[in-house]
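J.: only geometry, no sequence info:
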């Protein structure tokens, strides 16, 4: 998928050009490029030999290669127009299942093995990294990728990436940056209150262990689906959650439910009808699981927003995909389903009083923010 938006704040030539965010489910890579370097950077570019990591990211994010990406890998390209003098900044973004990260690293190693002599010595050596996987595998990745890793705080990276998206369009430039509430959904959930621009400028105020990994694990355990996108799309196209959930109307009856002021289609017990004798399709079960996941997220986010007296919640993370461009892939359609389910849950729990927003390129905010945060910290090469 490819998007274009405008920018007045994005550095067209950051000192570190590659960021990676390694979570429990996906490893997200972002490569910053300037497609119209200044005369000074053009001179430097001529002396620069592209690092194998940069080469692989570029190769896998080229538009004509996306159909050939391994199953479950996601690529995206985002163009920020930075003005006539600076040209545009191109963000090449790649998400890889953590279980297949070794396959990606091996590809980088193969290119590196063919590079020798002075060319190898002149290659870019430093990348910004965030997420638990980056800390856990730092030494291994530095050795195998041939890089020095600048480790950046995970939530600091997320907030920085989110702020940058606000400042550069993505359909959300009209929103104030702070105060704000971010609900970041990955393996688990972190709810972050963005308080202002002064350091640290945010606080993790809540969270949950029921994240996207929980949803996917339950789908795999309870159905025959072996692909997240296909399961979620099927849940919306042919699934009926009411066949799996116990509703208020199932307990009280439709008319009595109305008499006591409760909607008969209100869920009383998620998955309460699932048993060995249930005549449920896999899509029915998946639909109930998506609804349960979304309801839990919506409830947590709304309650926290009320405590902080905020009227908007931003949802970020890979399961929400990217906003602002057409994506007809199964994964893209699945993200639309999840966004709709979460929006409906927030609408229900807040009685329509809290607004839901999804930033552009939501899965990659951490990786992009790591690059920007490292640059802001002066690129010292030490953890920030």
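T.: Sure thing, it's come through. Because the structure is a prediction, the values reported are computed rather than measured. Numbers count the residues shown, from 1 in each chain.
J.: longest helix of the protein?
T.: helix 282-308 (DSSP state H).
J.: so residue 225 sits right up against residue 282, yeah?
T.: Yes - at 6.0 Å, residue 225 counts as touching residue 282 under the criterion of Cβ atoms under 8 Å. Just so you know, the C-beta spots here come from the backbone N, C-alpha and C atoms, and that holds for glycine as well.
J.: can you pull out the strands in the chain?
T.: Using DSSP state E, the strands of the chain run over 2-6, 18-22, 26-34, 74-81, 88-97, 126-130, 148-151, 180-185, 189-194, 202-208, 246-247, 267-269, 312-316, 355-357.
J.: if we can go back for a sec, shared neighbours of residue 225 and residue 282, anything?
T.: Contact criterion Cβ atoms under 8 Å, 6 or more residues apart in numbering; residues shared by residue 225 and residue 282: 231, 234.
J.: pLDDT below threshold where in the stretch 1-150 of the chain?
T.: Residues of the stretch 1-150 of the chain meeting the criterion pLDDT under 70: 1-14, 35-48, 63-67, 80-87, 115-124.
J.: all the helices of it, residue numbers only.
T.: 39-47, 52-61, 101-112, 117-121, 132-136, 138-145 (DSSP state H, counting those that start in this stretch).
J.: nearest to residue 91, of those helices?
T.: For the helices of the stretch 1-150 of the chain, the distance to residue 91 is smallest for helix 52-61, at 9.3 Å, taking Cβ to Cβ.
J.: mind listing what's buried along the closest one?
T.: Buried residues in helix 52-61, defined by neighbour count with 16 or more other Cβ atoms under 10 Å: 52, 53, 54, 55, 56, 57, 58, 60, 61.
J.: which of those residues sits closest to residue 111?
T.: Distance to residue 111 across these (Cβ to Cβ) is lowest for residue 52, with 3.9 Å.
J.: which residue, other than its chain neighbours, is closest to that closest one?
T.: residue 111 (3.9 Å; Cβ to Cβ, 6 or more residues apart in numbering).
J.: separation between that neighbour and residue 304?
T.: 45 Å (Cβ to Cβ, to the nearest Å).
J.: looking at these two, which is more packed in?
T.: residue 304 (19 against 16; other Cβ atoms under 10 Å).
J.: look up how far residue 372 lies from the more buried one.
T.: 26 Å.
J.: what do you get for residue 275?
T.: 51 Å.
J.: the more surrounded of the two?
T.: Just comparing residue 275 and residue 372: by other Cβ under 10 Å the higher neighbour count belongs to residue 372, 23 against 8.
J.: quick check: the more buried one touching residue 164?
T.: Yes - if you go by Cβ under 8 Å, residue 372 and residue 164 touch, sitting 5.8 Å apart.
J.: hmm, back to that, out of the strands of the chain, flag the one nearest residue 365.
T.: Of the strands of the chain, the one closest to residue 365 (Cβ to Cβ) turns out to be strand 312-316, at 5.7 Å.
J.: just checking, what packs against the closest one?
T.: helix 154-167, strand 180-185, helix 282-308, helix 330-349, strand 355-357 (3 or more Cβ pairs under 8 Å, 6 or more residues apart in numbering; DSSP states H and E).
J.: and it, how far out from the chain's middle?
T.: 12 Å (Cα atoms, centre = their mean, to the nearest Å).
J.: could you do stretch 100-115 as well?
T.: 24 Å.
J.: next one: stretch 222-230
T.: Taking mean C-alpha positions (Cα atoms, centre = their mean), stretch 222-230 and its chain are 20 Å apart.
J.: other residues contacting it?
T.: 71-72, 216, 219-220, 231, 234, 274, 282, 285-286, 289, 329-331, 333-334.
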